[in-house]
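Peer 1: Quick one: sequence plus predicted model below, questions after.
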Amino acid sequence: MELPYSLFLSFLLLFICSTSVSPSSSTTDIFTEALLNLKSELTDPQNTLEDWSISPEPDPSQPAIQSCSWPGITCNGNKTSVISIDLSGRILSGSLSGEKLAVFQDLQHLNLSYNSFSGALPVEIFNLTELRTLDISRNNFSREFPGDISLAGMKNLVLIDAFSNSFSGPLPRNLPQVETLEVLNLAGSYFSGGIPPVYGSFRSIKFIHLAGNFLSGEIPPELGNLQTLTHMEIGYNSYEGGIPQQFGNLSAITYLDIADANLSGPIPKVLSNLTKLESLFLFKNQLVGLIPWELGRVVSLTDLDLSDNLISGPVPESFSGLKNLRLLSLFYNSMNGTVPDSVAELPSLETLLIWNNLFSGPLPKDLGKNLKLEWVDVSTNYLVGPIPAKICSGGGLLKLIMFSNNFTGTLSPLVSDCASLVRLRLEDNSFSGEIPLNFTLISDISYIDLSRNNFTGPIPSDISRAANLQYFNVSGNRGIGGTIPTGIWSMQSLKNFSMSGCNVSGEIPAFGSCESVSVIELNDNALSGSLPESISSCRELEWVDFSRNHLTGQIPKGIARLPALSALDLSRNNFTGPIPREFRDSLRLRQFNISFNDVSGPIPSSKVFKSMDQSSFLGNERLCGAPLRPCPGSIGILGSKGTKGKLILVLLLCLGLVVLTALLALGIFHFIKGSRKGHWKMVSFDGLPRFTPNDIMRSFEVSEPIPTPQGPVSKAVLPTGITVSVKKLEWDSKRMEILSGFITRMGEARHPNLTRLLGFCHNREVAYLLYDHLPNGNLGERIGAKRDWREKRRVINGIARGLCYLHNECFPPIPHGDLKSNIVVFDENMEPRLTEFGFRYLARFNSGSSQIGTTEKGPGEFSGAIKEQLEMDVYNFGEIIIEVLTNGRLASAGDSIHNKPKEVLLREICSENAGSIQEEVQLVLEVALLCTERPASDRPTARDALKLLSEHKSLRK
């Protein structure tokens, strides 16, 4: 009996262990366990899944599925099955395991949007036959979208939203098998090839969005069979041919967008059959011929955008029947004739954009009499006559833009008293008379440009009442005269004040509480007196031009301490005394012109001044120092010119050499010691095999240094033969966790115009970042190489796409921080890629001069530090454009190009780009000028700059 009894005890012990040691296996339901396993495989930098946990002591009163109460999890009514998983907007990353999702057979809704999931989309998702909605938008899923599996079992699926991912390969051909599908969004990836003709067989589809991919070929006429379709966006691709005639059969369509799609041929007349059509967007194509008269029969139209094509002829008179039309956009075409009076009769018209055409004659005299007109842009035509007297009679006009025409007359009282105006641009016309703007009434106005006209009389004295005015320019009106209004600098929103060439006299008013002004242009006037010391209170000043006046006295020391100052022109005045020594510490100063004054003494010794051209200092006989002649006695040391001075010089040089050698040896010792100190960890991103830290460190021992302008970079060959570029970052162990999180965000950024960050190896003191090694050199090295116009556009657009991805597709955005031609590298196909994005920002945080972190603000709202970096990236992009356009002749010219007339600059650049189309050069130059605007708030975003380059839209409006 002893043996059976011991055996019984063994079984009893085993049973107790199995029920008490591993409670998860018996007390945790399969759904909760699957979710916990999913959580363990994901990167959650904000710990948003913290509440996904189970109590070691189960509560009998809780439902059988413990995860039913977790955030983002919804169960059915009796809490026996999970029917919805919502992980949207949690900044999660990692790849998804299909096995973890396979247990949710009753799942109806899966939302993974606004995260950073990567890798392939698990095919197991399409085995969840109860699924109704699948939202994986705004992630980084890659590879091919599952297209070879049968979807016949998906009897409930209504929505597939995969917008803004990194899918590649052909569009999935199996999706029409889902007979219930109503919404399909595959926009914003890298799908290539043609649209499958089988897409014309969807049974229930209402919404199709395929825009922003690399689709090509002809648009299949079969799409015209989609009788249930109400919304179709297939633009921002590169098709062949024109709009299929069969699109006239889309009887239910209300929204049709085929913009920026390389369409050719005429606009089909059969589009007039679309009697429910409300929005038609065909801009940025190669459409030719006249606008079909028949389009005037589509009385349901509310938005019509045919801009940026090759359309000719007049505006059809039949448009008088479009009583619901709110937007009429025809800009950037070759349309001619007069603007028909019928346009002024449209009762719902809110926006009229016809700029950059060949329209002539006067505007309709009743334009504006309807009560809804908000935005009028007729600039860059051959229009004449006065501003229509009723232009603002509706009381809602926000933007009136009429520059570069031949308009005449005075400003209508209805314009000067138009209380709703926020933007007024009348420059480059022949307007005359006084400036009767009533700033007490138009207190919301933010932008006024009346430059290059024939206005007379002073600036209205109540200008200080315009509390929102940011930009004011009346330059080039010689008849204005008078003095600068007192209190102008204290306007709380004013950023740009330009009054050049206006025959202004008197003294410059005291600056007082000058809080926001960043640009002052008062050159070519008759100003006298001294430059007020109070200019030191203008802490936001970036650009100052007082040249060609009669200013006297010394240059205020305070102006040299302005932290944002990048350009100062005081040339051709009567300044005396020295250049303030404080300019040596000016960190942002790039342009400085003191020529033709009576300034004396040494030029401050700094790298910035030494690199300036002599022309910035000429006309001052008593001025000396680099880049002019040496100052007397400057060769000696400590004031001595003799043998003693030379001996001191030699001794100091020897001492310095000894100290330098010792420091170098000490640095090498600490580098070798530090690089091997601590426990090494390896983090790999998509594209890098799972190497161990030892694999990486052994590769570093035979690494080859690469000379770059960005600091120490090495080339290393990893065990599998992969060649990588290695960037070293020494970090504070206290910041290691946050820095690692930011590097992970950098590593998850995947775009054809970004160099991949493959991974990083680190311990508590140092990190090595591993990048794809691209051996074809960088743009800075090749800037002087001969490129045709098409290749230059490809380079510029590629840089824009990469920058747009970092700024607008990464959340939160990743500032590049050090954008310049030397960090634009070329891959094996000579496509441009941005490298080392985010590294400078990373280094700044590590040094304590910046902050990294998430923000509680909404989309598009960022901290001041990030916003400033994003704006600086756009500025640097503008400089790169100029550098490419001029084959390297103009480098770091973001400020100086604004000093040259645009017509001269355009002529020079066109002569350097043989075979280019002047209109295209002008467009790209316009984008560069916008990106380098001062102040920074006037610059476009990276996304807007990319749109301008691809859509020919102008933000100077």
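Peer 2: Yep, it's here.

Peer 1: the domain parsing of the chain - what is it?
Peer 2: Following the TED database, the chain resolves into domains at 680-773, 776-848+863-956.

Peer 1: and His773, how many neighbours does it have?
Peer 2: By other CB atoms under 10 Å, the residues close to His773 number 18. (Glycine included, C-beta is placed from N, CA and C.)

Peer 1: For Glu737, give me the pLDDT.
Peer 2: On the pLDDT scale, Glu737 is placed at 77.

Peer 1: hang on, it in a helix?
Peer 2: Yes - secondary structure of Glu737 (DSSP: H, G, I helix; E, B strand; the rest coil): part of a helix.

Peer 1: ok, back up a step: quick one: closest of the domains of the chain to Leu353.
Peer 2: Across the domains of the chain, Leu353 has its closest neighbour in domain 776-848+863-956 (9.3 Å, CB to CB).

Peer 1: isn't Asn429 right next to Leu450, touching?
Peer 2: No - using CB atoms under 8 Å, Asn429 makes no contact with Leu450, being 9.1 Å away.

Peer 1: quick revisit: winner for burial among the domains of the chain?
Peer 2: Ranked by mean neighbour count, the domains of the chain are led by domain 776-848+863-956 with a mean of 19 (mean count of other CB atoms under 10 Å).

Peer 1: Now find how far off-centre that domain is within its chain.
Peer 2: Computed by CA atoms, centre = their mean, to the nearest Å, the chain-centroid distance of domain 776-848+863-956 equals 11 Å.

Peer 1: rewinding a little: could you dump the domains of the chain to a markdown table with distance to Ile445?
Peer 2: Below are the domains of the chain laid out as a markdown table (distance: least, CB to CB, whole Å):
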| stretch | distance to Ile445 |
| --- | --- |
| domain 680-773 | 39 |
| domain 776-848+863-956 | 15 |
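
Peer 1: now for those domains, which one comes closest to Ile205?
Peer 2: Of all the domains of the chain, domain 776-848+863-956 comes closest under CB to CB, at 26.5 Å.

Peer 1: Just the CA atoms of stretch 120-128, as PDB, please.
Peer 2: Only the C-alpha atoms of stretch 120-128 are listed here, as PDB (Å, rounded to 0.1, in the frame of the first residue of the first chain):
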ATOM      1  CA  ALA A 120       3.100  43.400 -43.200                       C
ATOM      2  CA  LEU A 121      -0.700  43.500 -42.500                       C
ATOM      3  CA  PRO A 122      -1.600  40.100 -41.000                       C
ATOM      4  CA  VAL A 123      -3.800  38.100 -43.500                       C
ATOM      5  CA  GLU A 124      -5.500  36.500 -40.500                       C
ATOM      6  CA  ILE A 125      -7.500  39.700 -40.200                       C
ATOM      7  CA  PHE A 126      -9.500  38.700 -43.200                       C
ATOM      8  CA  ASN A 127     -10.500  35.400 -41.500                       C
ATOM      9  CA  LEU A 128     -12.600  37.500 -39.000                       C
END
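
Peer 1: low-scoring pLDDT stretches of the stretch 51-200 of the chain, where are they?
Peer 2: 57-63 (pLDDT under 70).

Peer 1: just the stretch 551-700 of the chain next, same as before
Peer 2: Looking at the stretch 551-700 of the chain by pLDDT under 70, you get 633-678, 686-692, 695, 698-700.

Peer 1: And the helices in it, which stretches?
Peer 2: 607-610, 643-675, 693-700 (DSSP state H, counting those that start in this stretch).
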